[in-house]
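A.B. asks: Coordinates only, no sequence provided:
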């Protein structure tokens, strides 16, 4: 008969060959990967949103100044995506190139409870990706991340989108005066 | 004195996915609560068969000397039941509210696996608020 195998019987259990064991998949890698993919998904949304809003809202005017594009993101983009302007726009105190958009509760995070073993993973990475997409396509390359900021007296931490502009943006801004 | 003693949520196959204890009287350990949940699931199913009326949807209220048990079954087969003081009013409304919280903070959570035990922080927070509000309303009367 074809395909009939005989299982080898080991007299001593210690003689059995050791199995390879389950592959160890690091949770850290998975979280970083997940965050990166969420951000990439947001990036494509951001690029398209910029095109649409420039045509619809601003009459095809192009933003060239830093504060201009930031307030555009803070008000117009937020209004269109989430139905309200962002809670606050702040300039970072430590570094010249850092700006923060804060929101008491991001719409995307409203119903999501992060499991304890996922650490500091924030689904706001999707929104960070959108902001990055808008800024990149407008000619202001930046690194954008989402962070939870615990606030005194509030049960849930606030979410902050941290925008760190690239060197060339600051140089261009300085040149423009 | 707590009006609500405990809350159980069981999935469609009878497994306990959420258990919360509010009164000190009925406190039990994990195994007992699991056993009770599957017991209730079977009784609920049997009652549907035993009913002389066609189209029965199972036990909704169990009244005993020392407690009342109100049960709500969703269209998907998930059962929510509370053990409370005898004669407590408006438990059905509370159960419907808890069902709403379940759909909002558990089912809309991408990290939640269906039919698994509920470990959602937001659900716990909002549930505590709902029961607390309920307690205040009941004791305030």
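C.D. replies: Sure thing, it's come through. Only a predicted model underlies this, so the values are computations on that prediction, with no experimental measurement involved. Numbers count the residues shown, from 1 in each chain, chains lettered A, B, ... in the order given.

A.B. asks: Distance of residue A:16 relative to chain B?
C.D. replies: Using C-beta to the nearest C-beta, to the nearest Å, residue A:16 is found at 34 Å from chain B. C-betas here are computed from N, CA, C, even on glycine.

A.B. asks: which residues sit in contact with the residue nearest the centre of chain A?
C.D. replies: Within chain A, one residue has its C-alpha closest to the average C-alpha position: by C-alpha atoms, centre = their mean, that is residue A:125, at 2.1 Å. Residue A:125 sits next to A:35, A:38-39, A:42, A:145-146 when contact means C-beta atoms under 8 Å, 6 or more residues apart in numbering or on different chains.

A.B. asks: For PyMOL, write the selection for the buried entries among those.
C.D. replies: Written as a PyMOL command, the selection of buried residues from those, which uses 16 or more other C-beta atoms under 10 Å in any protein chain shown, is:
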select buried, chain A and resi 35+38+39+42+145+146
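
A.B. asks: ok, so what distance separates the residue nearest to the centre of chain A from chain B?
C.D. replies: Remark: distance between residue A:125 and chain B (C-beta to the nearest C-beta) = 13 Å.

A.B. asks: What separation do you get for residue B:23 and chain A?
C.D. replies: Remark: distance between residue B:23 and chain A (C-beta to the nearest C-beta) = 25 Å.

A.B. asks: Can you get me a residue count around residue 82?
C.D. replies: Let's take chain A. Counted by other C-beta atoms under 10 Å in any protein chain shown, the residues lying close to residue A:82 total 14.

A.B. asks: actually chain B
C.D. replies: 25.

A.B. asks: three-state assignment of it?
C.D. replies: Here residue B:82 is strand, with the state taken from DSSP: H, G, I helix; E, B strand; the rest coil.

A.B. asks: correct me, but it touches residue B:95?
C.D. replies: Yes - under the contact definition of C-beta atoms under 8 Å, residue B:82 touches residue B:95, with a separation of 6.5 Å.

A.B. asks: list residues touching both of those two?
C.D. replies: When contacts are counted by C-beta under 8 Å, 6+ apart, residue B:82 and residue B:95 have residue B:70 as shared neighbours.

A.B. asks: Mind naming the longest helix for chain A?
C.D. replies: If you go by DSSP state H, chain A has its longest helix at helix A:27-56.

A.B. asks: now that helix: how far from the chain's centre is it?
C.D. replies: With C-alpha atoms, centre = their mean, to the nearest Å as the basis, the distance from the averaged C-alpha position of helix A:27-56 to the chain average is 7 Å.

A.B. asks: so what does that helix touch, helix or strand wise?
C.D. replies: Based on contacts counted as 3 or more C-beta pairs under 8 Å, 6 or more residues apart in numbering or on different chains; DSSP states H and E, the elements that helix A:27-56 packs against are helix A:78-82, helix A:125-137.
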